[in-house]
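> Provided below for reference: sequence and predicted model.
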Amino acid sequence: MGRHLVLTVHGIGEQKPGETVDAVVGAATTRFPGIDRVPVTVERDLIQLAEEEFDGTSRNAKLFPMHLRRVRPVDGDDETLFAEVYWADRSPAPVGPFRTIFDLLRVVLGLGYLAMDNVENNRGWFPTGVVHLFTWVFYGLVAPLNAILAIFFGLLVFFDGSESVIAFVAKILLGMDFDPSRFQSLSIVQSDLSRELRQWYEIPLSWVFFFQWALSLGLGLLTMIRANTYVVRIFGRGLAALGAVTLLFWEYDAFGGILHGDSYFDTHLVSHLTNLDTYITYSISTLGIAWAVVVMLSLMSYCTLIFRQEHHPSHIREDHRNIYPSICAAMLLFWMIISGATWMALAEWAHENSNTFDVESVDLVNYYFVGPMGELLDVLSVAFVGLMAMVPLGVALAAVRAMNKELLYKQHELGSRVILNLAIQWLLFGALLTIAVSMLDYAYYWGGSDYLSGSCSRLIDATNSLGQALRCIRDVGNSIAAIAMLILFVILYRFSEFVAKGLGVVRDIVTYAVMRECMWRSSVAERRENFEERNAIDARFRRVLYYGAEALKPDRITVISHSQGTVITTQMLQNTWVKRKIAKLAEVRPSGQAPDVLLVTMGSPVTHIYRRYFRHFFQVALADMPERTIWHNIHRSDDFVGTTIDGVDGLAGNWAVPAGGHTGYFTDFHVWDRLWNKVGFRLF
């Protein structure tokens, strides 16, 4: 009687529980040319396993599904047990357009984890410090300021009682299907409710600011308390701090609030902050300064590339190992596009509906967007030009890949690579540099006659061609911003499910890099414990292997993995506990030897991405895996994620299959041709 344990580990994407193991079992039991096939029976089981052991504090064990398929020949005693390592639920896809929008924001903000992980793995303390400072300013100041200003505008519109706000939102989301009569009743209810509230409680317009700051403080504190990740905690602290500071200003009548006693602030400061217009100017100018700081820090991250790199193993390739500057630039560009599109949409609505506001707030709303926010939007519009510049580059890249798809993995990385493509990295740098120069012009508005602003304006005016170029870029950005915004909202609303699946690729990668605390000065061993999601996913592999080994006592073990699953698999096969568990199976085998291990990776980014960019945590060596392990790698010629496994001594083979993209490996005829005829996979 032969006992064969097969573990299946899926990759990035929105897999459902049991989907991967069913695909592998279905393909493995399908008749294949030249391979003897015997009639089999298949039993389906589902078992819930605990995420972690009881430690004496947890009252409720968290469970995850493990699907089992037992395959036996009709005539014979052999048995193959397929067990699925399922982890897609650790980063679930959102449902509906609004959740998809928030998921997009979360994914963009989550890119910071990849930047921090990359710089911590490859550089010294100064570059790492620059990236973390960028992170603190970006998440602790820029993002909270955007949130606070959005809260202010929402409260202002609500308490003002404009009847068109609901209709405008409906128009943006529904496009040509918009029917004003469908939302007339809702608009009237919203308008009447807001007016009744103001009359009932006699709320002056200045109290909108009190509610704004109180809400910001409360949301910030709630986020801090509930946050279990590094970046979210920074955002909560920034939101709470800004809310507390501005609430304190309001308390002491700095913005036209109600005095509750003598002011302890400097008289000169209070005299400059005595009206709502001034609050808006200072708030938006602060946002502009924060943008300028993160742009400067992002440019500084590029400068840190000239610093000496930390020592690294000689077998790791030198090129493109540092991607943290490009990730910082991408975060800035995408966040500018998202926030710029949002503010431009609100500006359009305020301009079209200013006649519906109450008399006391119409001037304030107009000033909000025509004045300081309008100046800042001119700068943010430059980001849209960067977005449009990526379109022809993407088309060219797609054309090159289409013409060379059968031998793409042998081509230069400028054409063969999509993720971390060098041309895209340089484009991001160019967009960042253009935004930085445009920020100098914003400094002129912020500083007035200040020496800094005067110097900046003289610097720009000194080169007339530069000034004309900047104005041209801004005009182009402003002209395409509305179109880009409309396209973005339509795509997110109409094709939210498709967008969610696309975001799933990035979301799964970001989830694997999420940090719990700031530990960049700690040792590598200490930092390993800082990746809670990563460790939880790895723990699932251990528990599935433990269950399968205990239930079957296998003679052979095969691990079939794809994409991100290959990263999980190769790391866990080097895990001390896993190697000890497999070695212990020798005690129950007549031969006294541990079972043979067959490792099959498909579409794997193990060496050319993870080992190259995150070397402290993703070294891979066949010698560090269980004894008697044989490793085969299968990749499609045009796979934009996975390719050959390089620099691994003892690798049995890199088997290329015809072009077909990154998905669908488990049921691909060409893949199974390699599995049967090259790898030597057999069920029994």
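Done, it's in.
> so after the helix or strand of the chain with the lowest mean pLDDT, what's the next helix or strand?
Sorting the helices and strands of the chain by mean pLDDT, DSSP states H and E puts helix 267-271 at the bottom, at a mean of 40. Per DSSP states H and E, the first helix or strand lying C-terminal to helix 267-271 is helix 276-303.
> buried ones in that following helix, by neighbour count?
276-277, 279-295, 297-302 (16 or more other Cβ atoms under 10 Å). The C-beta positions use only the backbone N, C-alpha and C, and glycine is treated the same way.
> now stretch 119-137
Buried-residue list, stretch 119-137, by 16+ other Cβ under 10 Å: 119-123, 127-128, 130-132, 134-137.
> take those residues and write them to JSON lines, including secondary structure and distance to residue 8.
JSON lines is the format used below for these (DSSP: H, G, I helix; E, B strand; the rest coil; distance: Cβ to Cβ, whole Å):
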{"residue": "119", "secondary structure": "helix", "distance to residue 8": "34"}
{"residue": "120", "secondary structure": "helix", "distance to residue 8": "32"}
{"residue": "121", "secondary structure": "helix", "distance to residue 8": "29"}
{"residue": "122", "secondary structure": "helix", "distance to residue 8": "33"}
{"residue": "123", "secondary structure": "coil", "distance to residue 8": "37"}
{"residue": "127", "secondary structure": "helix", "distance to residue 8": "39"}
{"residue": "128", "secondary structure": "helix", "distance to residue 8": "37"}
{"residue": "130", "secondary structure": "helix", "distance to residue 8": "42"}
{"residue": "131", "secondary structure": "helix", "distance to residue 8": "37"}
{"residue": "132", "secondary structure": "helix", "distance to residue 8": "38"}
{"residue": "134", "secondary structure": "helix", "distance to residue 8": "39"}
{"residue": "135", "secondary structure": "helix", "distance to residue 8": "36"}
{"residue": "136", "secondary structure": "helix", "distance to residue 8": "41"}
{"residue": "137", "secondary structure": "helix", "distance to residue 8": "43"}
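> now pLDDT and distance to residue 574 too, for these, in CSV please.
Formatted as CSV, these follow (pLDDT from 0 to 100; distance: Cβ to Cβ, whole Å):
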residue, pLDDT, distance to residue 574
119, 91, 24
120, 90, 20
121, 88, 17
122, 84, 21
123, 84, 25
127, 91, 28
128, 91, 26
130, 94, 32
131, 94, 28
132, 93, 29
134, 94, 33
135, 93, 30
136, 93, 34
137, 93, 37
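> with respect to residue 220, which of those residues is nearest?
Within those, the smallest distance to residue 220 is 15.1 Å, found for residue 136 (Cβ to Cβ).
> pLDDT weak spots in the chain?
For the chain, the stretches flagged by pLDDT under 70 are 96-98, 156-209, 250-280, 308-320, 341, 344-380, 409-416, 418-419, 441-504.
> setting aside sequence neighbours, what's the nearest residue to residue 432?
residue 329 (4.4 Å; Cβ to Cβ, 6 or more residues apart in numbering).
> for that neighbour, which residues are in contact?
298, 428, 429, 431, 432 (Cβ atoms under 8 Å, 6 or more residues apart in numbering).
> what angle do the helix or strand hosting the second one and helix 276-303 make?
Using DSSP H and E, residue 428 maps to helix 422-447. Angle, helix 422-447 to helix 276-303, by axes from the mean of the first three to the mean of the last three Cα atoms, to 10 degrees: 150 degrees.
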